[in-house]
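Novice: Kindly generate the corresponding structure for this input.
(one chain, ligands or ions: 1)
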Amino acid sequence: MVTLQHSVVVITGAASGMGKAMAHEFADNGANVVAVDVDEAGVDDVAAAIGENAIGVYGDVSDTESMESVVDTAVDEFGTIDVLCNNAGVLDEYAPVDETSDDLWDGVLGVNLDGPFYLTRAALPELESGDEEGVVINTASVAGKAGDGGGAAYTVSKHGVIGLTKHLATAYAPDIRANAICPGAVETGMTEDMLGQLTELAAETPADEPAEPAEIASVAVFLASDKASFIHGEAINVDGGMLADI
Ligand SMILES: NC(=O)c1ccc[n+]([C@@H]2O[C@H](COP(=O)([O-])OP(=O)(O)OC[C@H]3O[C@@H](n4cnc5c(N)ncnc54)[C@H](O)[C@@H]3O)[C@@H](O)[C@H]2O)c1
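Specialist: Numbering: from 1, shown residues only. Next up, the predicted model:
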């Protein structure tokens, strides 16, 4: 158990996979949770399962006004925002540059990179306002550190997320502590149609199997806590050792 009692945590992509696991893990550690997703029924279910210290909020991370509205709702409901988990993301069909349409590029970058930028910018005044430092945790990927973790758009978006994380950590210290998590193969909604591929990929790692979403969520809670007080601007692999050989 870490000390997140009464902290207010906003989590995007919270209807499924890692975001849903983060919502439960933060709530289990005493935080108030604002669960955000385009899947409104999904986040309402997550919030209902957690109880009165959680709300489900519709939000499209690729829409800056929608993210401003999420911040307003979080402040109206819980008074401020202490921790922001930019977690929502979409895949890119593993399309290389010459097979990437403008729509695919814009769609993936819009969710994976514009999203964390829009929501972080909207939440900055709240994150900076408390006595304690505000915390930003971005879900990047091993695709943010290598060239072959996804197609062109996904790979670029996740490298960008790590860049945004380092920028936040340096430009807004000491008011904000920002870090990224780089998962490898995780069994979630995103990967359910490619479970065979995922298992094969994971079999080549020291862990030998894909992660459960909770194994990523526990790292997010640790990074948000005082126990991670000296970790700034890192992009931490939680990948079962997938990148251990580079
Ligand atoms: N699953 C993996 O193996 C893996 C590996 C590395 C990184 N990641 C990253 O982890 C994060 C979480 O993914 P996941 O695997 O839990 O996927 P998931 O598909 O289970 O969950 C993603 C959630 O994001 C939501 N979402 C999509 N577009 C949105 C938008 N515009 N606004 C708000 N919400 C939106 C979806 O509705 C969904 O609930 C993503 O950023 C993903 O890129 C996943």
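Novice: Test my guess that residue 81 contacts residue 74.
Specialist: Yes - using C-beta atoms under 8 Å, residue 81 is in contact with residue 74, at 5.3 Å. Yep, even glycine has a C-beta here, placed from its N, CA and C like the rest.
Novice: Return every residue with contacts to both of those two.
Specialist: Counting by C-beta atoms under 8 Å, 6 or more residues apart in numbering, the shared contacts of residue 81 and residue 74 are 8, 10, 34, 123, 126.
Novice: For the last one, which non-adjacent residue is spatially closest?
Specialist: The reference is to residue 126. Distances taken as C-beta to C-beta, 6 or more residues apart in numbering put residue 81 closest to residue 126, at 4.1 Å, once the chain neighbours are dropped.
Novice: Tell me the spacing between the one you found and residue 8.
Specialist: Separation of residue 81 from residue 8 (C-beta to C-beta, to the nearest Å): 5 Å.
Novice: Show me which positions of the lengthiest helix in the chain end up buried.
Specialist: Longest helix of the chain, by residue count under DSSP state H: helix 152-171. For helix 152-171, a neighbour-count test (16 or more other C-beta atoms under 10 Å) marks 152-162, 164-166, 168-169 as buried.
Novice: Ok, stretch 54-62 next?
Specialist: Using 16+ other C-beta under 10 Å as the burial criterion, the residues of stretch 54-62 that qualify are 54-62.
Novice: again, but for stretch 116-126
Specialist: So for stretch 116-126, counting by 16+ other C-beta under 10 Å, buried means 116-120, 122-124, 126.
Novice: what about residue 33, is that helix, strand or coil?
Specialist: The three-state assignment at residue 33 reads strand, by DSSP: H, G, I helix; E, B strand; the rest coil.
Novice: Point out the residues in this protein that sit beside the ligand.
Specialist: Residues of the chain lying near the ligand by C-beta under 6 Å from any ligand atom: 12-13, 15-19, 37-39, 42, 59-62, 87-90, 111, 139, 141, 183, 185-186, 188-191.
Novice: List the ones among these that fall in helices.
Specialist: Going by DSSP H, the helices hold 17-19, 42 from the residues of the chain next to the ligand.
Novice: and the residue nearest to residue 143 when sequence neighbours are not counted, which of the three is it?
Specialist: Distance criterion C-beta to C-beta, 6+ apart; nearest residue to residue 143, sequence neighbours excluded, is residue 149 at 2.8 Å. For residue 149, the assignment made with three-state DSSP gives coil.
Novice: Would you mind confirming that residue 149 is in contact with residue 156?
Specialist: No - the criterion here is C-beta under 8 Å, and residue 149 misses it with residue 156 at 11.0 Å.
Novice: Provide the strand pairings for the biggest strand by length in the chain, with the direction of each partner.
Specialist: If you go by DSSP state E, the chain has its longest strand at strand 176-183. Take DSSP bridges as the rule and strand 176-183 pairs in its sheet with strand 134-139 (parallel), strand 235-238 (parallel).
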